[in-house]
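Participant: Fold the following and give me the result.
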Amino acid sequence: MNSKRRILSAAVTAVLALTPAVPAAARATPPQRTPVPAVASGPLPEVAPLDPATIDLADFTGLEQQLAPYLGNLARLANSVNDDSTTNHGYITCNCWRAGQGPNDARVMENVLTLAYFYTADRPWNPYHRDPALRVRLEAALRFMLGTQNADGSFPQGSGDLHSRAATGFALELYAVMLELLDADGTVDAALVPALTAAMKAASRWFLEDEEVWGPRGAQFANQVAGGLVGISRLLRRFADQELRTRFEQRLAEHERVSQGAAGFYRDGTVAHRYSLEVESEDLAGWADPATRPVIDRMQSRYLDWAQYNLLYDRELDGYAINTAIDSRHRGWNYAEELPIGSNNLWGKVIPQARAYSATREETGERRAAWVKAGWQGSVAPRLAATWAYLDPALVRDVALGEEYHPSAAERRAAIATLRPYGGAPYTEHRADEVTGQRFVFAKRPGYVVGMGFGKHVNTQYGFWDNQRFGLSYLYDPKLGAVVQSQNAPQPGAPRTRPVDAELSWGTGWTAADGVHFDSYDQPVPAFFRDGAPVDPATAGDLDRLEVRYPAAGGTKSVTLGDSLRVRVAAGGDFFERIPLVLDERDTVRWIGGGGGPVEAGSRAEAAGVSGLVVNRDGRSVEIRWTGAGSAVLWPSSFPVAGGARALRVLDLRAAGTLDYDIRVLDDACVASDEREHVFIGDRDTGVRNPGDGTGCTVADRLRAGEQWDGHGAFVAHVTRTTAGLVRAKVLRAAEAARLVAAAARSDVGHDLVTVGAAASEAVAGQPVGVRVSGRRIAGVTVSGPCLTGPATASGPGEVRVTVRETTLPGPCPLTVTTRRADGTTEIDALGLRIVPDAQGVVFRDGFSSAADTARAWTAVDGAWSVADGVYRQQDTTRTGWRSVIDDLTIADGSVETRLHFRALATSTAFGGVQVRTARPGDAYTQSGYLVYLRPNGSVDVHRAGTGVIATGTGPAVTGPTTLRVELRGPEIRAYVGGEPAPRVTVTDPSPIAGPGHVQLVTGRAAVDFDDVRVALPRPTS
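Facilitator: Numbering: from 1, shown residues only. Modelled structure (predicted):
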């Protein structure tokens, strides 16, 4: 026996003798049904678990590396094939794919491909190759799967979809690959391959003819139709049926016409980026029929032409902002670091543009080498639980294809440079979809790139008919990335049925009799003008001043594409304009005019009388200037953008009657310039004129007299060098430069005149701290720091009291003391402060008294989370598993406590709870960690990812706010409710999830208020 097959037991042979393959003559075939081998009954041998010590990761090819977690889970998958019921003998019971479905859902059985792959794969890392126990379980599963096929050739997807387009289409795609594997191996029951072939031919005939596929509903699910056609393209050679081929080619032409409109996107109802990228584009890359391949290449080229206006390259993050506003089916998908186009990125081999989105050959090689180096425990073991929860057979299909493509770094850069929003010349691009009536305008001007969409909501699967947001979609800059990004619906329901700040689209809001409306939701119908006259937007020139008008707030909204993006709202009453800004932590934000000044990052700021807002990053500025706004509010949203690398900050402009604003992006090395007529050093007017130098900076800006300097000499030397350069540039005369150097020498800039010190070197989150300031000529003091609730000020020397934010995690917190002296100069001193746990070991707390503090500390992964009435409120009751994660915090042992209150319940089994030891922030409770949750009836469950509920405790029903406390001690988990001295449930996990993990709040079909969250480490024992 081959030494790699250490998994086998001696009992296998004996059991196999009891379950022989059923001869073809013994099969009974129902009328008009595909012939199915008779289903054997009785127990099947167990497939032995994998011994990871026998696996050498260096044996995996690059593509195969993806399957290592599947290998680790293979025995569990195979052993979940039912062998104790003659009714459903062969049914895959694992609940690890299409979870929650039953035996009447053929999609549950798609992992027969996974079983077949490992049975047939003759690879040095695969001890299951031709494993006898795996063979009989695979054969049993295949017989059951064949038994689910309807007499007409279709497959069912649950009791409500007896003749399913999706189940049949994806069966064709996956089982076409499986047939090739079984053919090449040749050792499974000889009756099965002909039966599978006949089943796939019957499925192909149904798929090419039935109204379910080619009628109105099928036209709404392009990805499902594509999957079936891809499968048939692989099966045609096997069938050798000219009549079927002819019909296939006719239907392919129909698919191109119906499923992809002139706008370029694949219609899943309407725009559905994720389905187009991760399903249809992925599937079509596996097209196997050379005769019809040109049709597929043409379709994908048109799709990628559309995609370039909706996938916006961010050169700093090296990822893509997604035009999520117009997406109808996936809420909140607004960024992707990488977007492999097609299975194994194969479209990059055919279409150069596809190379822009994927990992490079060099990156892929480095990752794969690191994967091998980390070994099983580092690379594979952490992924086993998550993979078990989602054993997607499409991954097996991709590996079985055996072909991949990765561009070189140079090829990727070249492809990115061809993307019109990033590297191209100015344009005005109009796209229309004749089926949905939706229209899109994409435009690039020297100062910005903008996207817009218009039309009616289209009803799609799961009722996501109102996801899309219309009107203005994004404002983009090739150097800064997406700077305004309208979000689609973050939760179900119309804006008027939800809190006003739950709407994160770029649009005009107003209050009507039935609540708050947004033009972005109300399906605006546009009209197009050039120089005041109506115009067909398809005829607009690349630099034309195209104007788009549409209804808003009982009046009209106008968007004009000029040197700046100009927006005018003429309404019938009070309204507000909402602009969701995507900001970087390095950005400086300032109000323009009206005595405005800097806006602290992450804070809520309101200003009246200002005329604009400017955001600057690395010398490039986004300027928004307005007239007609009564006040402006900039507030932080916790909604995640750019994969957490950026923050969403929402600008609301409140107005009555009319509002005009324009936006542009420009180079500006000095934001909020000192534009006084003369140069001042401190409070002294030097008398020297203060012109600009052509970069957005004035002479005073260049001298930087208000900044901190290492010493007085350093400042004087800087002024000497800078003025000499300005003389050479002919900005200053030599005499003016000399006067400025003399004034710098006489000033106090750079002198150390202030002493600062903290009352304590350590502090606990939520506590006040005193900072002492002494010195001469002090006119004002500001103490700031990232861990403080906000800057604290004083008008002179003495003690300044600051407060550490309640949500601050332990660790160093540098404080900055900025002292303004009487002469107008500035001195800056640094203080070191360390945040430590309190006496009870609490390392994180949040009483939700500050929305800004919560936005800094938490990331709402999904659901409808907001700080309201002093609690953290999740309001969406439509789904299970809405979660919000504490940023940058992991614990292994310790405790997590929260006060919770059930406000609304969609089902009697609704719950609220905490998820601990979560492997990656944002993981669902089925992917990693433990979820400990409380139901209103008083029961407490402990759910382990990949296993399910491992313990349940009961107690009195919950009738109001109560406390849930979870304690972790190695393999032991305890949960306490209210003030009960004894745990309501205690469990010891025999194979515990170990190591530190993230902490999340989770709800299931319930609206829940969370409060007083406390996370503590174990207290030291003496």
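Participant: C-alpha only now, for contacts and for neighbours.
Facilitator: Fine.
Participant: Roughly how far does N104 sit from E173?
Facilitator: N104 is 20 Å from E173, where distance means Cα to Cα, to the nearest Å.
Participant: Tell me which of these two has more neighbours.
Facilitator: Between N104 and E173, E173 has the larger neighbour count (other Cα atoms under 10 Å), namely 26 against 19.
Participant: thought that one was touching G231?
Facilitator: Yes - at 3.6 Å, E173 counts as touching G231 under the criterion of Cα atoms under 8 Å.
Participant: Show me the residue at the heart of the chain, geometrically.
Facilitator: Nearest to the geometric centre of the chain sits W333, at 4.9 Å (Cα atoms, centre = their mean).
Participant: so who does it touch?
Facilitator: W333 makes contact with I322, T324 under the criterion Cα atoms under 8 Å, 6 or more residues apart in numbering.
Participant: which SSE is it in?
Facilitator: Taking DSSP states H and E as the definition, W333 sits outside all helices and strands.
Participant: shaky segments in the protein?
Facilitator: The chain contains residues with pLDDT under 70 at 1-40, 461-464, 595-596, 672, 1020-1022.
Participant: max-length helix in it?
Facilitator: helix 165-185 (DSSP state H).
Participant: Show me what counts as buried in it.
Facilitator: Across helix 165-185, burial judged by 16 or more other Cα atoms under 10 Å covers 165-179, 181-182.
Participant: What of stretch 197-210?
Facilitator: Residues of stretch 197-210 classed as buried: T197, A198, A199, M200, K201, A202, A203, S204, R205, W206, F207, L208 (neighbour count, 16+ other Cα under 10 Å).
Participant: any idea how far the nearest residue to the first one once chain neighbours are set aside is from R135?
Facilitator: The reference is to T197. Counting by Cα to Cα, 6 or more residues apart in numbering, L179 is the residue found nearest to T197 once chain neighbours are left out, at 7.6 Å. Distance, L179 to R135, using Cα to Cα: 15 Å.
Participant: And T722, by the same measure?
Facilitator: 80 Å.
Participant: and what of K373?
Facilitator: Going from K373 to R135 by Cα to Cα gives 33 Å.
Participant: Those two: who's more crowded?
Facilitator: A direct count of neighbours by other Cα under 10 Å for K373 and R135 places R135 higher, at 25 against 13.
Participant: Which strand or helix spans the residue lying closest to V1002 once chain neighbours are set aside?
Facilitator: Residue nearest to V1002 in three dimensions, not counting chain neighbours: R883, with 4.4 Å by Cα to Cα, 6+ apart. Assigned by DSSP H and E, R883 falls within strand 880-891.
Participant: quick one: strands adjacent to that strand?
Facilitator: Its sheet considered, strand 880-891 pairs with strand 858-860 (antiparallel), strand 997-1004 (antiparallel) by DSSP bridges.
Participant: Please enumerate residues in contact with the last one?
Facilitator: Outside of strand 997-1004, the residues within contact range by Cα under 8 Å, 6+ apart are 874, 877, 879-886, 888-892, 910-922, 929.
Participant: mind listing the strands for the stretch 701-850 of the chain?
Facilitator: For the stretch 701-850 of the chain, strands defined by DSSP state E, counting those that start in this stretch occupy the ranges 754-758, 762-764, 768-775, 778-784, 792-794, 798-803, 811-821, 826-836, 842-846.
Participant: among these, which is the most enclosed?
Facilitator: Across the strands of the stretch 701-850 of the chain, averaging neighbours per residue (mean count of other Cα atoms under 10 Å) puts strand 842-846 on top, at a mean of 23.
Participant: what are the pairing partners of it, and which direction each?
Facilitator: Its sheet considered, strand 842-846 pairs with strand 1006-1016 (antiparallel) by DSSP bridges.
Participant: Hmm, Y872 and the residue nearest to V1002 touching each other?
Facilitator: No - using Cα under 8 Å, R883 is not in contact with Y872, being 11.7 Å away.
Participant: re earlier: buried residues of the strand holding R883, list them for me.
Facilitator: Of the residues in strand 880-891, those buried (16+ other Cα under 10 Å) are T880, G881, W882, R883, S884, V885, I886, D887, L889, T890, I891.
Participant: could you point out which element follows that strand?
Facilitator: Following strand 880-891 in sequence order, the next helix or strand is strand 894-905 (DSSP H and E).
Participant: Going C-terminal from that following strand, what's the next secondary structure element?
Facilitator: Going down the chain from strand 894-905, the next helix or strand is strand 911-918, by DSSP H and E.
Participant: Which elements pack onto that following strand?
Facilitator: Packing contacts for strand 911-918, counted by 3 or more Cα pairs under 8 Å, 6 or more residues apart in numbering; DSSP states H and E, involve strand 894-905, strand 930-934, strand 997-1004, strand 1006-1016.
Participant: what does stretch 611-629 rub up against?
Facilitator: Identification of contacts with stretch 611-629 by Cα under 8 Å, 6+ apart yields 480, 483, 584, 586-594, 653-656, 658-671.
Participant: one more time with 7 Å, if that's ok
Facilitator: 586-594, 653-655, 658-671 (Cα atoms under 7 Å, 6 or more residues apart in numbering).
Participant: go on, stretch 667-677?
Facilitator: N616, G619, R620, S621, R689, N690, T695, G696, C697, T698, A700, D701.
Participant: Any idea what the fifth one is bridged to?
Facilitator: Here R689 sits in beta bridges with H678, going by DSSP bridges.
Participant: give the contact list for it.
Facilitator: Counting by Cα under 7 Å, 6+ apart, R689 touches E677, H678, V679.
Participant: Between those, identify the one with the most neighbours.
Facilitator: Neighbour counts for these, by other Cα under 10 Å, peak at V679, which reaches 23 neighbours.
Participant: you'd agree that one is up against N690?
Facilitator: Yes - if you go by Cα atoms under 7 Å, V679 and N690 touch, sitting 5.3 Å apart.
Participant: Residues that sit against both of the two, list them.
Facilitator: Both V679 and N690 are contacted by A700, under the criterion Cα under 7 Å, 6+ apart.
Participant: Walking through the stretch 551-700 of the chain, point out its helices one by one.
Facilitator: Using DSSP state H, counting those that start in this stretch, the helices found in the stretch 551-700 of the chain span residues 699-703.
Participant: just the stretch 151-300 of the chain next, same as before
Facilitator: Counting by DSSP H, counting those that start in this stretch, the stretch 151-300 of the chain has these helices, from start to end: 165-185, 192-209, 211-214, 222-239, 242-259, 273-275, 281-284, 293-307.
Participant: Could I get these in TSV, plus columns for distance to W858?
Facilitator: Formatted as TSV, the helices of the stretch 151-300 of the chain follow (distance: least, Cα to Cα, whole Å):
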stretch	distance to W858
helix 165-185	38
helix 192-209	47
helix 211-214	44
helix 222-239	35
helix 242-259	40
helix 273-275	26
helix 281-284	34
helix 293-307	32
